[in-house]
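*Asks:* Need a 3D model of the following:
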Amino acid sequence: MTSPPSALGARLAVVCAAMLAGALGIVATFHIPVADSPLTYAQASDLARAVGPAAGVALLVAGVVAAALAHRPQVGFLVIAVSAVWFAQDLAALGDDAALLRRLATGVAPFAAALILHLVLKTPDRRLARREHAVVLAGYGIAAVAAAGTVLLRDPFFDVYCWRQCRPDNAPIAGHPDAADAIRVLALWASAVTWAAVISITARRLLAASPGGRRLLGPALVPLALTGSAELARAITLLTSPVEDPLRDGFLALHLIRAGALLLLAAGVTWVVLRAARARRRVSRLAAELGAAPPPGKLRAALVAALGDPTVEVLYWLPGSRQYVDAEGKPRTPPAAGTTAITRAGRPLAVIVHETAALDAEALERALGPAARLAIENEALRAEILSQLEQLRASRTRIVATADDARRRLERDLHDGAQQRLLAVALEVRLTRARADGELGARLDRVGQELERSFGELRELAHGIFPAVLTEAGLDAALATLADSAPVAVELGAITQDRLPAAVEAGAYVAVDEAIRDATARGAAVVDVSAHVDDGRLVVTAEDDGAPRADRLLHVVDRVGALGGDVHVTARRLRAEIPCG
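*Replies:* Now for the predicted structure:
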């Protein structure tokens, strides 16, 4: 992705101007007359003389890098402006030969808080909301009022709190030291409120971000929070002790902390910008690779590698069902934020859920060209097929579950209803037979035999339905009952005693029952059965010594398949794996 030539030219011009202005500021800073000038932080400490200019230079370099490489150069321009304000604090100590420059340097100091506030809201490359625009404009407006009051009303000679350059320097509007002092106090209070807002917004953004977002944003936002904290402490100190003397009240320590925070900020901004530029290059390469038809289902992995964000998700739009699904066809709801919508000819194709700290939605959408959109459309078709398969599997599961419920109700009705009534009738016939003889007795004998036969058939019918013990006591007890009534010897191995979902237990019971019936038909003498849980799946095996199996046991295959499981059938062995979840 490249910018238009006109935009590149404007950006290059601004960067060159910033570099020239920065060079002049550095030269001026290092050539402040030490012997004749009032006290400065550089004169108070050799460490301050090294760290202070280093912070300004680092900010200038970071700003130039951001202005040249970022998708939008505003963050770079803001960092360059912060560098200029930082250099201005030493330019305010220039001698009489640079009175105008000194006055202007003193006037830009109130803009520091507004610039940092703007930078917090803009980092890494955000578009500001309407309310955020209003907050930034309010910050710049307050700073402009404070700067104008300082430039127009303040005369250092009449300022009782002057400490750096206090020679007469008539203001354009002279004779208002009280007004100038009032402007100073109001500017300090306004900056304190702004610095508090910087800290609050930074903390809120970090807390609201995901772990991946904090990892991406932290290098820039944490130094901004440190800068805001140090500047807030300085503003409060100036309100309580107005004379900014580097040799008292911890001002030198605050100056060093501010410089250190700005050094960290420069490094963090550079890291974020370089990482975003690398992500854009990777996405551009990815767009070309997607045009070469990547393997199905590999789009998410490719985006994870390109963005360096393991939390990336691709959700595909299904026009038929009007819902989003993931790559496996499972319905998903996109989050409210952190998404990039991908469209083709005005039709929604997908949304990419990702950390916008690495690459914002606009940049990602522009980087994915027409070829990539075609690949995404192919992925969406694949996801739609998988969604239909998932719906089919869910439908099979519901059908099996409904049939199981019906069978349980039938078994319960037979056991509690028809069987109990037959038992009561059989008992009554026996009692009557005991008091009858002759032809009546013979007829009662025949009725009793028919009742016994009917009861046996009913019991056999109920046996083909799920036994009540499966519902009441679980798979362990149900298989033990099945083994006792089986026509062949059944050896029970390791049988889980844990209660599992009803559908899972029913599927396992049917698999074992069918395996025993099939083994009996093939002349087996013994069937070895086991059922244990392994890695979230119930593994059921049934092995016999009968003749080789010819039947594939499709009923078991269909039933276990409806539960999302697998069945492997060989000549004398059945193995079924059923998910327990």
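
*Asks:* what separates the residue nearest to residue 319 when sequence neighbours are not counted from residue 326, distance-wise?
*Replies:* Spatial nearest neighbour of residue 319, chain neighbours left out: residue 347 (7.8 Å); criterion: Cβ to Cβ, 6 or more residues apart in numbering. The way it works is simple: take the backbone N, C-alpha and C, and place the C-beta from them, glycine included. Counting by Cβ to Cβ, to the nearest Å, the gap from residue 347 to residue 326 is 19 Å.

*Asks:* ok, these two, which is more surrounded?
*Replies:* residue 326 (17 against 9; other Cβ atoms under 10 Å).

*Asks:* got a pLDDT number for that one?
*Replies:* What the model reports for residue 326 is a pLDDT of 79.

*Asks:* Tell me the spacing between the nearest residue to it once chain neighbours are set aside and residue 518.
*Replies:* Among residues not flanking residue 326 along the chain, residue 332 sits closest, at 5.1 Å (Cβ to Cβ, 6+ apart). In this view, residue 332 and residue 518 are 42 Å apart by Cβ to Cβ.

*Asks:* Neighbour count: those two, which is higher?
*Replies:* Set residue 332 next to residue 518 and count neighbours by other Cβ under 10 Å: residue 518 wins out with 21 against 17.

*Asks:* Let me know whether the more buried one touches residue 552 as I believe.
*Replies:* No: Residue 518 is beyond contact range of residue 552, at 10.2 Å (criterion: Cβ atoms under 8 Å).

*Asks:* so what's residue 256 up against?
*Replies:* Counting by Cβ atoms under 8 Å, 6 or more residues apart in numbering, residue 256 touches 45, 47-48, 51.

*Asks:* Filter the residues you listed down to the ones in helices?
*Replies:* Applying DSSP state H to these, the entries found in helices are 47-48, 51.

*Asks:* tell me the domain boundaries of the protein?
*Replies:* For the chain, automatic domain parsing gives the domain ranges 5-279, 294-396, 400-464, 471-579.

*Asks:* same question for the last one, mean pLDDT?
*Replies:* Read it as domain 471-579. 90.

*Asks:* Same check on the shortest one?
*Replies:* Mean pLDDT, domain 400-464: 69.

*Asks:* pLDDT score for residue 332?
*Replies:* pLDDT, residue 332: 82.

*Asks:* List phi and psi for it.
*Replies:* Reported as degrees, to the nearest 10, the phi and psi values for residue 332 are phi -140, psi 150.

*Asks:* Then the one 10 residues further on?
*Replies:* Note on residue 342: backbone dihedrals following degrees, to the nearest 10 are phi -110, psi 120.

*Asks:* what helix or strand is the spatially closest residue to residue 262 that is not a sequence neighbour on?
*Replies:* Residue nearest to residue 262 in three dimensions, not counting chain neighbours: residue 55, with 4.1 Å by Cβ to Cβ, 6+ apart. In this assignment (DSSP states H and E), residue 55 forms part of helix 46-69.

*Asks:* just checking, what packs against that helix?
*Replies:* Packing partners of helix 46-69 (3 or more Cβ pairs under 8 Å, 6 or more residues apart in numbering; DSSP states H and E): helix 5-30, helix 41-44, helix 74-91, helix 251-290.

*Asks:* So which bits of the last one are buried?
*Replies:* Put plainly, it is helix 251-290. By neighbour count with 16 or more other Cβ atoms under 10 Å, helix 251-290 contains the buried residues 251-252, 254-270, 272-273, 275-280, 282-284, 286-287, 289-290.

*Asks:* any idea of the angle that helix forms with helix 46-69?
*Replies:* 20 degrees (axes from the mean of the first three to the mean of the last three Cα atoms, to 10 degrees).

*Asks:* pLDDT wise, what is the residue nearest to residue 319 at?
*Replies:* We have a pLDDT of 79 for residue 347.

*Asks:* Make 4 the first number, not 1, from now on.
*Replies:* Let's use 4 as the start, then, which means that last one is residue 350.

*Asks:* How much space separates residue 185 from residue 109?
*Replies:* From residue 185 to residue 109 the distance is 17 Å (Cβ to Cβ).

*Asks:* Quick check on these two: which one has the bigger neighbour count.
*Replies:* Set residue 185 next to residue 109 and count neighbours by other Cβ under 10 Å: residue 109 wins out with 22 against 13.

*Asks:* how close does that one get to residue 150?
*Replies:* Separation of residue 109 from residue 150 (Cβ to Cβ) stands at 9 Å.

*Asks:* try residue 68
*Replies:* 28 Å.

*Asks:* gap between residue 82 and residue 262?
*Replies:* To residue 262, residue 82 is 15 Å away according to Cβ to Cβ.

*Asks:* and what of residue 304?
*Replies:* Counting by Cβ to Cβ, the gap from residue 304 to residue 262 is 44 Å.

*Asks:* repeat for residue 549
*Replies:* As judged by Cβ to Cβ, residue 549 and residue 262 stand 87 Å apart.

*Asks:* One more: residue 189?
*Replies:* For residue 189, the distance to residue 262 (Cβ to Cβ) stands at 27 Å.

*Asks:* can you check residue 302 too?
*Replies:* Going from residue 302 to residue 262 by Cβ to Cβ gives 46 Å.

*Asks:* before we move on, what about residue 444?
*Replies:* 117 Å.

*Asks:* do the same with residue 69
*Replies:* Separation of residue 69 from residue 262 (Cβ to Cβ): 20 Å.

*Asks:* Then residue 325?
*Replies:* Distance of residue 325 to residue 262, computed by Cβ to Cβ: 57 Å.

*Asks:* quick one: terminal-to-terminal distance for stretch 534-549?
*Replies:* End-to-end span of stretch 534-549 (Cα to Cα, to the nearest Å): 21 Å.

*Asks:* now that stretch, how far from the centre of its chain.
*Replies:* Computed by Cα atoms, centre = their mean, to the nearest Å, the chain-centroid distance of stretch 534-549 equals 39 Å.

*Asks:* List the buried residues in that stretch.
*Replies:* 534, 540-547, 549.

*Asks:* quick one: the strands in the protein?
*Replies:* Assigned by DSSP state E, the strands in the chain fall at 316-321, 326-328, 334-335, 342-347, 350-356, 492-498, 529-537, 540-547, 569-572, 576-582.

*Asks:* roughly how far out does the last one sit from the chain middle?
*Replies:* In terms of Cα atoms, centre = their mean, the centre of strand 576-582 is found 37 Å from the chain centre.

*Asks:* Ok, the shortest one next?
*Replies:* On the basis of Cα atoms, centre = their mean, strand 334-335 is displaced by 16 Å from the centre of the chain it belongs to.

*Asks:* Stretch 272-290 now?
*Replies:* 19 Å.

*Asks:* Then stretch 573-584?
*Replies:* Distance, centroid of stretch 573-584 to centroid of chain: 37 Å (Cα atoms, centre = their mean).

*Asks:* What lies in contact with it?
*Replies:* With Cβ under 8 Å, 6+ apart, stretch 573-584 has contacts from 503-504, 507, 510-511, 514, 518, 536, 539-549, 551-552, 556, 559, 563, 566-572.

*Asks:* Just want the phi and psi numbers for residue 554.
*Replies:* Dihedral angles for residue 554 - degrees, to the nearest 10 - are phi -80, psi 140.

*Asks:* if I read this right, it contacts residue 520, doesn't it?
*Replies:* No: look at residue 554 against residue 520 with Cβ under 8 Å: they stay out of range, at 10.0 Å.
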